[in-house]
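Visitor: Turn this into a model:
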Amino acid sequence: MIGMKARFSTKCIVCDAFIEKGKEIAKNEDGDWVHKHCASEILEIP
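Guide: A predicted model of the protein is given here:
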């Protein structure tokens, strides 16, 4: 999982919540940028 701080404001496709500029984000298994905690939840599901 690649993580970084958001450079732009956008929307998380996992939880449908707003991602503010500067918040921690990560790529999920589909290669989409989501909240860091949302990417972790996806990767932990068997």
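
Visitor: quick one, strands of the chain?
Guide: For the chain, the strands defined by DSSP state E cover 3-5, 10-11, 18-19, 24-27, 33-35.

Visitor: Rebuild these as TSV, extending it with mean neighbour count and mean pLDDT.
Guide: Heads up, the C-betas are built off the backbone N, CA and C, glycines and all. Formatted as TSV, the strands of the chain follow (neighbours: other C-beta atoms under 10 Å; pLDDT from 0 to 100):
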stretch	mean neighbour count	mean pLDDT
strand 3-5	11	86
strand 10-11	13	94
strand 18-19	16	96
strand 24-27	18	92
strand 33-35	22	93
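
Visitor: Need the residue closest to the centroid of this protein.
Guide: Central residue of the chain (C-alpha atoms, centre = their mean): Val34, 1.7 Å from the mean position.

Visitor: Quick check: beta-bridge partners of that one?
Guide: Listed by DSSP bridges, the beta-bridge partners for Val34 are Ala26.

Visitor: That one contacts Thr10, correct?
Guide: No - contact criterion C-beta atoms under 8 Å: Val34 and Thr10 do not qualify, at 9.5 Å.

Visitor: Need the residues touching each of the two.
Guide: By C-beta atoms under 8 Å, 6 or more residues apart in numbering, Val34 and Thr10 have these common neighbours: Ile19.

Visitor: that older thread, so how far is Met4 from the residue nearest to the centre of the chain?
Guide: In this view, Val34 and Met4 are 12 Å apart by C-beta to C-beta, to the nearest Å.

Visitor: can you check Lys27 too?
Guide: 9 Å.

Visitor: what's the answer for Cys12, then?
Guide: Note on Cys12: its distance to Met4, by C-beta to C-beta, is 14 Å.

Visitor: and if you look at Glu20?
Guide: To Met4, Glu20 is 14 Å away according to C-beta to C-beta.

Visitor: Likewise for Ile13?
Guide: Taken as C-beta to C-beta, the span from Ile13 to Met4 is 17 Å.

Visitor: With Asp30 instead?
Guide: Asp30 sits 17 Å away from Met4, going by C-beta to C-beta.

Visitor: Lovely, talk soon.
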